[in-house]
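Below: sequence and its predicted model.
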Amino acid sequence: MQSREATGRTRRLLLTLYAILAAALIAFGVFSYTSYEASLNEQVHERLAAIASLKTTEISAWRAERIGDGELLQRTPRLGGLVERALSEPDQAAAREELIHWLQQVQKANDYSQVSLVDATGKRVLSASPEGEVVDEGLTREAAEAMATGKVTIADFHRDGSLETPVHLSVAVPIVSEAADGKPIAVIAMRVDPTVFLFPYIQQWPGNSPTAETVLVGRVGDDALFLSQLRHGAAPAASIKVPLTATDVPAVQAALGRTGVMTGVDYQGVPVVAATKPVPDSPWAIVARMDVAEVYTPVRARLRLTIVAEVIILGAGLLGVLHVLGLQSVRLDRERLDDEAKHAWLATAVDSSLSEVYVVDVDKLVFEYVNRGALLNIGYSSEEMSAMSPVDILPELTDESLVAAVRPLLSGEQERTTFKTTHRRKDGSEYPVEAHLQLASREDKQLLLVNVHDITERRTAEAKLLEHQEHLEAEVAERTQELAATNEELATTNEELAAMNEEYEASNEELRSLNAEAIEAARETERLNAALAKADNAKSDFLASMSHELRTPLNSVIGFSDVMLKGLAGGLNEEQHRQMEMINNSGRHLLLLINDVLDLSKIEAGRMEPTPESFDLATEAVRALESLRPQADKSGLRLEAAGTEASCEIVSDCRMVRQILFNLISNAVKFTAAGSVSVEVVERSDSCEVQVTDTGIGIAGEDMARIFDAFTQVGMRNDHPDGTGLGLAVSSRLAQLLGGDLTVQSTLGEGSTFTLTLPKEHKPSGAS
Ligand code: ADP
């Protein structure tokens, strides 16, 4: 709709624009045509006036020249005498001969057609070329005037006889006698043939024009006379006359002595444009004229061109506008068809929709339209419905209540209204519905558009929801009761808790006193510890001095038993040798034990001070390994070293390190029956490791923690009675004293790996 209005507006706009453009174009055409016409007219006028002016000037000059010829002749010496003699003595053949000869000279020199002598009576006395005696009227009159005034005059166009004879002019030269009074005695008439110069000159037209010409005119009585030969028509010169009353004829205006440009009618009765101008010092005037038709030829061509161009432009514009309008109307048609198709589709969609749609005539309260969905549900046919009123299917409503229900719609109070009611089918069954009502007028008819939804399912769902809700409420009530009971129980428990709290307070009090006692006990422990440390120190001191005291006699026992075993003190029998060996072995074992005890007690008493120096741990490891080769060889064990070719420099106590290494490797050899003992040196970023690995008896998991304790031996000790159970204890403590660590990994029956880790640079504990 909107698009249609817009299209109408566009159409009006286009047409208006076209009209404005067309008017502007036509106005422009008219303006350009009229200005062109005016300028062309002006040009033609100027041109005609210029030609007329040029011709008059030339003709005037030509006349002056003729008079000049006459005056020159007049002043010729002895001419008066000769003429006098020829006149007075008619028989004087000599004088006449001489004069004729002389006139012939003049005629020849000045190119006159005839030169003759006319006496005072107007009779031709002599001629340069033979001719009759009588002269024409025109010349007679002029000759008389010349005689009277004594001045050279030009006798106007005249003929010697009838109209057929050619017209000519004459210059009348009065000749004065040589006598003292000097009166004119005769006239020499020099005839000019105008066809020789004058007429051709007048007829000459600059440029190329089919109709233009210049005409010489004069006045004869009340007429204007065309003097020169005319371009059009065969009339002889000086034969056509026009009465002076015909003022629209340019020749008349010229004859009346007027100068200017005018339009009028010429001798042929054709409309002309003409410029008129009198020739100065003469009775003549010039008319330069041109047919109006010729003047307007280019104007008409221009007009034709302008009209053709405008018609083409306007036609093209009109075609364009019509084309645009045509396109618009095609588009409109298409839109209309689309609209119709949409409406048709919509109508089908509404009709085949499964929701119920009713259109009710409000005034008659009858169904106008019922869609298929409604028919299917309600069970009536379309024809049956068209005869029914809405209340027929609405058991809950009457005509009045229905009208009351739609009143707010009719009054415009509401745009749509919704209510719930019941529909009754043809078979009498009923179902709940929700109806949406809306007013839809068609032309002058009030229609009600009713959209009905069957809400049976919704009702069922609502009922279920209600049931569920009631169930929930019952549950909530039950739970609330339970909660109340629990609350009561809680209150009782709270009371009990309060009682317990009191008891707890009392216990707390007891705890506090116990705590005080515990603190006292801790202090006692501290005191005891101090005493213990003191005792420990005393023990260490004792052990140190005792060990020292024991070692001296022990060395003697070992030394002497060695001497005896080597037989240096005399031979021993087998039994003596066996017993001496036992003494020697026990002594050595004891010395070992004492050394270890001494070391351990020194360490524990903090009396063992490391002396740091720089050495290569790998070299020391190899050295310790090699020192135990004899024992290994004895047991048939392989000794292997890995990673020892590269040095691993550390700063530590070399003696202590040697002791640890010796201990670890000798244990490995000791507790390995077959296989190998290997040493591997590994360098870490700021530490070095020595791993001693054997394929010996291994250590049980539960024993692993204990083996670093003093006097601890685990496993089957009977095979190795030479152990003290102090080696690992001393080694572990030495490693810690050097800032390192000693750890073990072992599997019973498979072997063990003891790892000694030492910092690359040992910092004594006092320094850190
Ligand atoms: P001992 O003088 O008995 O060797 P140690 O302190 O050196 O005393 O060792 C403690 C005990 O740890 C040893 O008796 C032995 O039972 C166990 N032990 C030490 N080294 C090894 C080893 N390489 N393989 C198996 N058991 C070992």
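Noted; the coordinates are in hand. Residues are numbered from 1 along each chain as shown.

which SS state does S752 fall under?
strand (DSSP: H, G, I helix; E, B strand; the rest coil).

low-scoring stretches of the stretch 451-600 of the chain, by residue?
Confidence mapping of the stretch 451-600 of the chain against pLDDT under 70 gives the ranges 544.

the helices in it, which residues?
With helices called from DSSP state H, counting those that start in this stretch, the stretch 451-600 of the chain shows them at 456-565, 574-604.

So for the ligand, which of those helices sits nearest?
Judged by Cβ to the nearest ligand atom, the one of those that comes nearest to the ligand is helix 574-604, at 8.0 Å. C-beta: built from backbone N, CA, C; applies to glycine.

Spit out the contact partners of the spatially closest residue to V125 that is not a sequence neighbour.
The shortest distance from V125 to any non-neighbouring residue, by Cβ to Cβ, 6 or more residues apart in numbering, is to L117 (4.6 Å). Each residue near L117 by Cβ atoms under 8 Å, 6 or more residues apart in numbering is listed here: 83, 86, 99, 103, 124-127, 175, 186-189.

any idea how far G317 lies from the ligand?
Separation of G317 from the ligand (Cβ to the nearest ligand atom, to the nearest Å) stands at 121 Å.

Correction: the previous question concerned K760.
From K760 to the ligand the distance is 26 Å (Cβ to the nearest ligand atom).

repeat for I660
I660 is 11 Å from the ligand, by Cβ to the nearest ligand atom.

Doesn't R658 lie inside a helix?
Yes. Counting by three-state DSSP, R658 falls inside a helix.

Give me the spatial nearest neighbour of it, chain neighbours excluded.
Going by Cβ to Cβ, 6+ apart, R658 has E620 as its nearest residue, at 6.0 Å.

Report the contact partners of that neighbour.
C654, V657, R658, L661.

The third one contacts A624, correct?
Put plainly, it is R658. Yes. With contact defined as Cβ atoms under 8 Å, R658 reaches A624; the gap is 6.4 Å.

In terms of neighbours, single out the busier of these two.
A direct count of neighbours by other Cβ atoms under 10 Å for R658 and A624 places A624 higher, at 22 against 16.

Pull the helix or strand that contains the more buried one out as PDB, backbone CA atoms only.
Per DSSP states H and E, A624 falls inside helix 617-627. Taking C-alpha atoms only, helix 617-627 is exported to PDB below (Å, rounded to 0.1, in the frame of the first residue of the first chain):
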ATOM      1  CA  LEU A 617      88.100 -38.200  45.600                       C
ATOM      2  CA  ALA A 618      88.300 -40.600  42.600                       C
ATOM      3  CA  THR A 619      92.100 -41.200  43.300                       C
ATOM      4  CA  GLU A 620      91.300 -41.900  47.000                       C
ATOM      5  CA  ALA A 621      88.500 -44.300  46.100                       C
ATOM      6  CA  VAL A 622      90.800 -46.300  43.700                       C
ATOM      7  CA  ARG A 623      93.500 -46.300  46.300                       C
ATOM      8  CA  ALA A 624      91.200 -47.700  49.000                       C
ATOM      9  CA  LEU A 625      89.900 -50.300  46.500                       C
ATOM     10  CA  GLU A 626      93.400 -51.400  45.600                       C
ATOM     11  CA  SER A 627      94.400 -51.700  49.300                       C
END
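
what comes up buried for that helix?
For helix 617-627, the buried set under the neighbour-count rule, 16 or more other Cβ atoms under 10 Å, comprises L617, A618, E620, A621, V622, A624, L625.

Over to stretch 194-203?
Buried residues in stretch 194-203, defined by neighbour count with 16+ other Cβ under 10 Å: P194, L198, F199, Y201, I202.

Sort out for me which of those are in helices.
When these are checked against helices (DSSP state H), the matches are L198, F199, Y201, I202.

List the contacts of the third one.
Going back to what we said before, that points to Y201. Here Y201 is in contact with K55, E58, I59, W62 (Cβ under 8 Å, 6+ apart).

Quick check: pLDDT value at it.
Listed pLDDT for Y201 reads 90.

so where's the protein uncertain?
Using pLDDT under 70, the flagged stretches of the chain are 1-4, 89-92, 131-135, 161, 180, 544, 715-722, 764-768.

How many neighbouring residues does the one residue in the chain that gets nearest to the ligand have?
Nearest residue of the chain to the ligand: G723, at 2.4 Å (Cβ to the nearest ligand atom). Using other Cβ under 10 Å, the number of residues around G723 comes to 19.

Is it part of a helix or strand, or is it coil?
coil.

That one touches T712, doesn't it?
No. Using Cβ under 8 Å, G723 is not in contact with T712, being 10.0 Å away.

Work out for me the element A435 sits within.
strand 430-439.

In its sheet, which strands sit next to that strand, and in what direction?
strand 416-424 (antiparallel), strand 447-454 (antiparallel) (DSSP bridges).
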